[in-house]
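A.B. asks: Here you go, sequence then predicted model.
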Amino acid sequence: MILVVLLVLLLRVLAGLYGYSGQGKPPMFGDYEAQRHWMEITYNLPVGEWYHNTTDNDLMYWGLDYPPLTAYHSWACGAVADIVNPQFVKLGESRGYESSEHKSFMRYTVLLADILTYFVPVLLLASTSKAGLLAGKLDLNITGFVLLAYPGLILIDHGHFQYNCVSLGLVLTSLWSLTRNKDTLSAVTFCLALNYKQMTLYYALPIFAYFLRKCGSEFTQKGAAGVCAKFINLSVTVLLTFAVIWSPFATHTDGVLQVLHRLFPIDRGIFEDKVSNFWCVLNVFFKVRDHFTNQQTALLSAILTFIAAAPSCAHVLYKGDSKTLLYCLFNCSLGFFMFSFQVHEKSILLVALPALLLFEKERFHSFWFLTISTFSMLPLLLKDHLIIPYIALTSFFSLSVSLICGTKNIDFFERHKFPKWLSIFFKTSMLGMLLLTVSTVTLKPPTKYPDLFPLLISAYSAAHFAYFFLYFHYAQFTSSGKIKSI
């Protein structure tokens, strides 16, 4: 496992040598500049101005739109940046700041966050889950390798430039805590994940259903008093965690409401770039924006999202074991990705996490999904000049996982479980992905359709996601339940 850790660290460093979002593209640059700008704003301005439009904080220029924990993280990074080189975060004068020194600094902040918040829970899960969340036939080192070597997360965090590793790592810590029956710690760390990135709401319904099930299980052991005690403990834990994180904003006029307004920007519309979900594909045939207001679309998307997530969550509430929870996390997060409002292509990483955790149980479909999920972000990666890391990391991931499973005499593709047509479907899928990748890189789109290739990639990936949505629901409701309850 030490060799695995060193190897995946090397992959992250190598990916960081390439481009990042918005590099050399004024006036707005990209996500890299957004993260730097948040360091500048949070370090130099009082808390009450972080989410408000002021003379020194123009919200039209990468205004802060993530929850308070992201802001605190930005403040900490900004404080270190000011020590390393004050020019990195000088108020009003550091917009678009780019240098090799600053790039190294920013890359190191992601690497450190990755090690502290993502690597640690991965290693904890891999070393202590022999009878819990990841229990099964696979060597846990393989599971740990898959979690750490997934190309999508490396490319977005260490290439494109974000800190998804923090929120995903906090979710992993929450799940590890569940395996150790540390429910209070699990609730705290999940609340921290929610307060780092609001997209962690993709997991909220399954986690809530699971905790509700655990409260109900107390009735058979301790009666009604046990149920009340468990529920009160978890409720107070959640409320206190939120209170501590949000209290600095509660002391300012409209502070909390303004933060909420920034977190859920209804006015931005149902989607922006070409994202591989229902709304983007529907828009090809039916222009949603021309027929519905943003408020109407938001309500419709909320209804569809709830319908997509409800059956899987109800199953967790009924069954309540760890394996069912993992399937539900996948199905619910994919339902959110496909139907919810203002989805970004990078949000597929939230679906990838439970797919990674399900790798032991669903090797073939998990691998297939993980490959397609990385491919679905190809237009974004091309903008950032990350095509070489994309090809290298995807090829390395595919080959290494296949070879490692082969050395363990594990049927990687689980041929005994699926009909022959599915194998043909998979090979056709991989071929189509290869052809679209080559075409996007080498061919120039027609002048009349400049977004042809991004749209084809989005539609192609969305069709796969619809299949995975159906398959993993089938897998959840027909699973044998061999893994013990947490």
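C.D. replies: Nice, thanks for sending it over.

A.B. asks: For L399, what is the enclosing helix or strand?
C.D. replies: Using DSSP states H and E, L399 falls within helix 387-407.

A.B. asks: Show me what the mean pLDDT comes to for that helix.
C.D. replies: Helix 387-407 carries an average pLDDT of 92.

A.B. asks: what comes up buried for the next helix or strand after that helix?
C.D. replies: Moving toward the C-terminus from helix 387-407, the next helix or strand (DSSP H and E) is helix 420-442. The neighbour-count criterion (16 or more other C-beta atoms under 10 Å) identifies 422, 426, 429, 433, 436-437, 440 as the buried residues of helix 420-442. Yep, even glycine has a C-beta here, placed from its N, CA and C like the rest.

A.B. asks: Looking at these, which one is closest to A314?
C.D. replies: In terms of C-beta to C-beta, no member of the buried residues of helix 420-442 lies closer to A314 than L422, at 27.9 Å.

A.B. asks: Report the separation between the residue nearest the centre of the chain and F364.
C.D. replies: Geometric centre of the chain, nearest residue: L350, 2.9 Å, by C-alpha atoms, centre = their mean. Noted for L350: a distance of 22 Å to F364, by C-beta to C-beta, to the nearest Å.

A.B. asks: Just checking the distance from stretch 73-82 to the centre of its chain.
C.D. replies: Here the centre of stretch 73-82 is set off from its chain's centre by 23 Å, with C-alpha atoms, centre = their mean, to the nearest Å.

A.B. asks: Rounded mean pLDDT for that stretch, please.
C.D. replies: Summarised as a single mean, pLDDT over stretch 73-82 is 97.

A.B. asks: Report the buried residues of it.
C.D. replies: The neighbour-count check on stretch 73-82 (16+ other C-beta under 10 Å) flags 73-75, 77-78, 80-82 as buried.

A.B. asks: Contacts for that stretch next, please.
C.D. replies: Stretch 73-82 is contacted from outside by 35, 38-44, 64, 88-89, 105, 109, 113, 163, 166, 196, using C-beta atoms under 8 Å, 6 or more residues apart in numbering.

A.B. asks: redo that, cut-off 7 Å
C.D. replies: 38-40, 42-43, 88-89, 105, 109, 163, 166 (C-beta atoms under 7 Å, 6 or more residues apart in numbering).

A.B. asks: Next, the contact list for A355, please.
C.D. replies: 330, 366, 369-370.

A.B. asks: Burial check on the nearest residue to P446 once chain neighbours are set aside, number of neighbours?
C.D. replies: Closest residue in space to P446, ignoring its immediate chain neighbours: L452 at 6.5 Å, by C-beta to C-beta, 6 or more residues apart in numbering. Neighbour count for L452, taken as other C-beta atoms under 10 Å: 15.

A.B. asks: What distance do you get for L452 to H291?
C.D. replies: Distance from L452 to H291, counting by C-beta to C-beta: 24 Å.

A.B. asks: For the helix holding L399, buried residues please.
C.D. replies: For helix 387-407, by 16+ other C-beta under 10 Å, it's 387, 389-390, 393-394, 397, 401, 404-405.

A.B. asks: Good, wrapping up.
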